[in-house]
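In: I'd like to go over a predicted model; first the sequence, then the structure.
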Amino acid sequence: MALAQTEEVLRQLKLARPQGTFEKVLFDTKGDRDTTSKLVQQGGKGGAFVSEIRDAVRRKELHAAMHSLKDIPGNEETPDLTIGAYLQRDTAHDCLVLRADRSEADLSSSAATAPLTIGSTSVRRAAFLRHIYPGCETIHFRGSVVGSEKSRLFKLDNQLPQETEDGGTVGPADALVLAASGLKRVNQDHRIERVFSTSEMLPAVGQGVVVVECRSDDYETLELLASVDHFETRQCALAERELLWILNGHCNSPIAGICEMDDGELRLRAAVMSLDGRKMIETEVSGEVALPRELGREAAFQLLGKGAGELIEASRL
Ligand SMILES: NCc1[nH]cc(CCC(=O)O)c1CC(=O)O
């Protein structure tokens, strides 16, 4: 997926600067190698996926680095670095993928006494799945989407269990929930069985957005990146990220949020949930396109006013 995203960044940069030459450098990050442990214990996905690449930008080994915005923690300072471009958002929706011998009706009629299993390590997805398929159980499931025998689709299709950190296993899984944008990027969108609406399953902050980061004092790169920046995506992402920042959330915090531009206004919907998915606190705010951070701040304080702080603290254990 990272490869496909990097190709897309390059494609857009070449369009913007046809005479330029660009070189891509691939990183094998810790997050990709370790497919067993739960992401929360690596300090959220960001800890694993993002920090090695950032250090290479700081050391000037790279001019810029591509990240999925969703994987960038909301509770970390990033000294010396700036996001120079927010590429136009791809779909932010989550979707359902099934094993060949299962149907969606099987999930809907699954009974809690012998539940079918849906693979996802996200607290957010598990919380929404409790309402969509009350008779199913969400199990720990991770790895890249495709590409190896440890990948999520390979394990699903071949009825392989997922290893857990304590040396045990869970699964096999009957279905998976994944980001539709991620599946598209690895050409697996034909596997999408159902796209969840954002009200059924509110996306993760930043889902579907690819960003390019560079050194804050590298004006030449900043200027180049500005040419592929997408204004609407940037404003929406800024609102979502401000929310995450104030709630002090990392990538696997039980926080959901999506901002959309609607009728010349920004509309931000957000939710915080308990780790077991039983409690959910929600809010919706609208405001001026030019003031995204203020909107994110407003949503965050509304959630905190309704008791979100307690749920987030409980998720840090
Ligand atoms: N876990 C890693 C990750 N980081 C971003 C995406 C999805 C793509 C995106 O947000 O653009 C995914 C896969 C997933 O959640 O299914």
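Out: Right, received. Where do you want to start? Residues are numbered from 1 along each chain as shown.
In: and the stretch 201-317 of the chain, which residues reach the ligand?
Out: 207-208 (CB under 6 Å from any ligand atom). Any C-beta I mention is one placed from the backbone N, CA and C, and that applies to glycine too.
In: so where do the helices sit in the stretch 201-317 of the chain?
Out: 219-226, 231-246, 292-305, 308-314 (DSSP state H, counting those that start in this stretch).
In: now swap in the stretch 51-200 of the chain and tell me
Out: 51-58, 104-108, 123-132, 152-157, 180-185.
In: CSV please, covering these and showing mean pLDDT, distance to the ligand and mean neighbour count.
Out: Formatted as CSV, the helices of the stretch 51-200 of the chain follow (pLDDT from 0 to 100; distance: least, CB to the nearest ligand atom, whole Å; neighbours: other CB atoms under 10 Å):
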stretch, mean pLDDT, distance to the ligand, mean neighbour count
helix 51-58, 91, 14, 16
helix 104-108, 97, 18, 15
helix 123-132, 95, 8, 21
helix 152-157, 98, 8, 21
helix 180-185, 96, 4, 22
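In: mind checking the end-to-end distance for stretch 66-74?
Out: End-to-end distance for stretch 66-74, by CA to CA, to the nearest Å: 17 Å.
In: and that stretch, anywhere near the ligand?
Out: Yes. Judged by CB under 6 Å from any ligand atom, stretch 66-74 and the ligand are in contact via 68, 70-71.
In: just how off-centre is that stretch within its chain?
Out: Here the centre of stretch 66-74 is set off from its chain's centre by 7 Å, with CA atoms, centre = their mean, to the nearest Å.
In: Compare the residues of stretch 66-74 next to the ligand and tell me which is most surrounded.
Out: S68 (25 neighbours; other CB atoms under 10 Å).
In: What score does it have for pLDDT?
Out: Turning to S68, the model gives it a pLDDT of 94.
In: Which strand residues bridge it?
Out: Beta bridges link S68 to V210 when assigned by DSSP bridges.
In: lowest average confidence, helix or strand, in this protein?
Out: helix 44-49 (a mean of 52; mean pLDDT, DSSP states H and E).
In: what domains does the record give for this protein?
Out: 2-91+204-314, 94-195 (automatic domain parsing).
In: Comparing those domains, which yields the minimum mean pLDDT?
Out: domain 2-91+204-314 (a mean of 90).
In: Find the centremost residue of the chain, please.
Out: For the chain, the residue nearest the mean C-alpha position is K70 (3.5 Å; CA atoms, centre = their mean).
In: The closest residue to that one other than its chain neighbours: neighbouring residues, count only.
Out: In this structure, K70 finds its nearest non-sequential neighbour in G206, 4.3 Å apart by CB to CB, 6 or more residues apart in numbering. The number of residues packed near G206 is 26, by other CB under 10 Å.
In: for R316, same thing?
Out: Neighbour number of R316 under other CB under 10 Å is 10.
In: mind starting the numbering at 428 from now?
Out: Sure, I'll start counting at 428 from here, so that last one is R743.
In: who touches it in this structure?
Out: R743 makes no contacts at all, as judged by CB atoms under 8 Å, 6 or more residues apart in numbering.
In: And I559, by the same measure?
Out: 623, 627-628.
In: could you dump those to a markdown table with neighbour count?
Out: A markdown table is the format used below for these (neighbours: other CB atoms under 10 Å):
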| residue | neighbour count |
| --- | --- |
| F623 | 19 |
| E627 | 14 |
| M628 | 22 |
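In: In strands only, show me those.
Out: Within the contacts of I559, no residue falls in strands by DSSP state E.
In: got a markdown table for those residues, with pLDDT too?
Out: Listed next are the contacts of I559 as a markdown table, based on pLDDT from 0 to 100:
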| residue | pLDDT |
| --- | --- |
| F623 | 98 |
| E627 | 97 |
| M628 | 98 |
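In: wouldn't P719 be in contact with E687 here?
Out: No. P719 sits out of contact with E687 when judged by CB atoms under 8 Å, with a separation of 11.8 Å.
In: any chance of the helices of the stretch 628-744 of the chain in a markdown table, plus mean neighbour count and distance to I510?
Out: A markdown table is the format used below for the helices of the stretch 628-744 of the chain (neighbours: other CB atoms under 10 Å; distance: least, CB to CB, whole Å):
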| stretch | mean neighbour count | distance to I510 |
| --- | --- | --- |
| helix 646-653 | 16 | 8 |
| helix 658-673 | 23 | 8 |
| helix 719-732 | 20 | 13 |
| helix 735-741 | 17 | 24 |
